[in-house]
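J.: missing the sequence, but the structure's below:
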């Protein structure tokens, strides 16, 4: 009897120990699962399909007065809000209706006001100009469920053009000149590689798209090549962008590595350059640094747009070389066309005009010369400025003269 009792006690004890071990394992697994789900919720960033991050348009509209605002709604003439499936787009268009048409596409950090001085100078020479805020900048909304790549940017260009009361692409429209600055240069080159028949000329100002990967720092490659969850990436980028002031270029020309923050600051002029800017003739106080700082703090979609453009946009050569080579093939074929065929099929200018600053640390001018020539062959002309990356917002009179001569 005692022996049976002893065995029973040992069996029960072993059973209880086993149950406790199982409970401990289950509890540990439950805690691990809970922590994993929490981290996933904190770090992941999967917006709902069709979701839109709205621009500050509604807030500014409801303000009693915006004359001293960093970016007044009427900073440029001919403003309109275009409703699209991707959210609202802010477009500006003015100038003689029968003048040469010029579409301007701005950079990764700045809203389109950065090209306001250039737009005014072109209108002074008789051009019809159009500008728009890229998604997530200025007063354009941001669709967070779509990557900011060639497809989205090309779609936005078509939506902006189609909102005009004039024909920019149809029969008898006379075609249009596409001017792209920085990221906008990469966007313009990619657009032109698919739709060259729509253009009278292609002019690129310090264009992205051919930046060599060797110049990009390891930390930037880690951040923007999918190595981190979107929410964490946006947090880190947002903290840097909001640190401010983003007013003075940070990268010395001799620097060999580019960080994401450098891309943001190099589009901005120095303090002296900002004071010299006349981007808005109705609001002379508007400058790029003030407009960008307001945008960083007030636009809910800006950080996402910046991060997505860095990750998916036409910036690095390894991602965009095919587009440039496709454009080069078109230019080569165009030069072989007979004079009868050229009228309907070729660019008004059979050259792509590229302007860049000799002191630009982001777009290194001698590397751009080599790489663009390799891709485009003899179909490219270079113009140089004694300036940095920001020259289109400070030397707009000289830039506009080159554009007008190209169109003439």
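T.: Right, received. Where do you want to start? Keep in mind it's a predicted model, so treat the numbers as computed, not measured. Numbers count the residues shown, from 1 in each chain.
J.: Check this protein and tell me which residue is nearest its centre.
T.: residue 108 (3.4 Å; C-alpha atoms, centre = their mean).
J.: Strands of the stretch 101-250 of the chain, start to end?
T.: 101-105, 128-132, 176-181, 199-205 (DSSP state E, counting those that start in this stretch).
J.: for those, which one sits closest to residue 297?
T.: strand 128-132 (21.8 Å; C-beta to C-beta). (C-beta placed from N, C-alpha, C; glycine too.)
J.: Tell me the strands beside the closest one, with direction?
T.: Applying DSSP bridges to the sheet, strand 128-132 is found paired with strand 87-94 (antiparallel), strand 101-105 (parallel).
J.: Select, out of the ones you listed, the one closest to residue 368.
T.: strand 101-105 (17.9 Å).
J.: which residues of the stretch 201-350 of the chain fall in helices?
T.: 218-224, 230-243, 260-266, 271-276, 288-298, 302-312, 317-335, 339-345 (DSSP state H, counting those that start in this stretch).
J.: Near residue 318, how many other residues are there?
T.: By other C-beta atoms under 10 Å, 12 other residues sit near residue 318.
J.: give the contact list for it.
T.: residue 213 (C-beta atoms under 8 Å, 6 or more residues apart in numbering).
J.: Okay, it and residue 371: tell me how far apart.
T.: 12 Å (C-beta to C-beta, to the nearest Å).
J.: Could you do residue 180 as well?
T.: 16 Å.
J.: the more surrounded of these two?
T.: residue 180 (31 against 18).
J.: Help me confirm that the more buried one comes into contact with residue 205.
T.: Yes: with contacts counted by C-beta atoms under 8 Å, residue 180 reaches residue 205, the gap being 6.9 Å.
J.: Run the chain-centre distance for stretch 326-333.
T.: 25 Å (C-alpha atoms, centre = their mean, to the nearest Å).
J.: what's the burial count for residue 77?
T.: Neighbour count for residue 77, taken as other C-beta under 10 Å: 17.
J.: Can you check the distance spanned by stretch 166-182, start to finish?
T.: Start-to-end span of stretch 166-182 (C-alpha to C-alpha, to the nearest Å) is 27 Å.
J.: now do stretch 356-373
T.: 14 Å.
J.: going forward can the numbers begin at 21, since that is how I track them
T.: Okay, residue one is now 21; in that scheme the one you just asked about reads as stretch 376-393.
J.: For residue 381, find the nearest of the strands paired with strand 148-152.
T.: Taking C-beta to C-beta as the measure, those were each checked against residue 381, and strand 121-125 came out nearest at 21.9 Å.
J.: That closest one: how far from the chain's middle?
T.: That offset, for strand 121-125, works out to 16 Å (C-alpha atoms, centre = their mean).
J.: Next, the buried residues of that strand.
T.: Judged by neighbour count using 16 or more other C-beta atoms under 10 Å, the buried positions of strand 121-125 are 121-125.
J.: Tell me where the model's unsure across the stretch 221-370 of the chain.
T.: Across the stretch 221-370 of the chain, the ranges flagged by pLDDT under 70 are 238-239, 241-250, 253, 256, 258-285, 290-295, 358-370.
J.: The same query, at a cut-off of 90, please.
T.: 230-298, 309-310, 313, 316-317, 323, 327, 330-331, 335-341, 351-370 (pLDDT under 90).
J.: and the residue lying closest to residue 169 once chain neighbours are set aside, how many neighbours does it have?
T.: Residue nearest to residue 169 in three dimensions, not counting chain neighbours: residue 332, with 4.2 Å by C-beta to C-beta, 6 or more residues apart in numbering. Residues near residue 332, counting by other C-beta under 10 Å, number 18.
J.: which residues does residue 332 contact?
T.: Counted by C-beta under 8 Å, 6+ apart, residue 332 has contacts 167-169.
J.: cool, residue 181 as well?
T.: 123, 150, 188-189, 196.
J.: Equivalent analysis for residue 187, please.
T.: Contacts of residue 187 by C-beta under 8 Å, 6+ apart are residue 193.
J.: what about it, distance to residue 134?
T.: 27 Å.
J.: now residue 72
T.: 24 Å.
J.: who's more crowded, those two?
T.: residue 134 (31 against 20).
J.: That one contacts residue 409, doesn't it?
T.: No: counting by C-beta under 8 Å, residue 134 stays clear of residue 409, with 11.4 Å between them.
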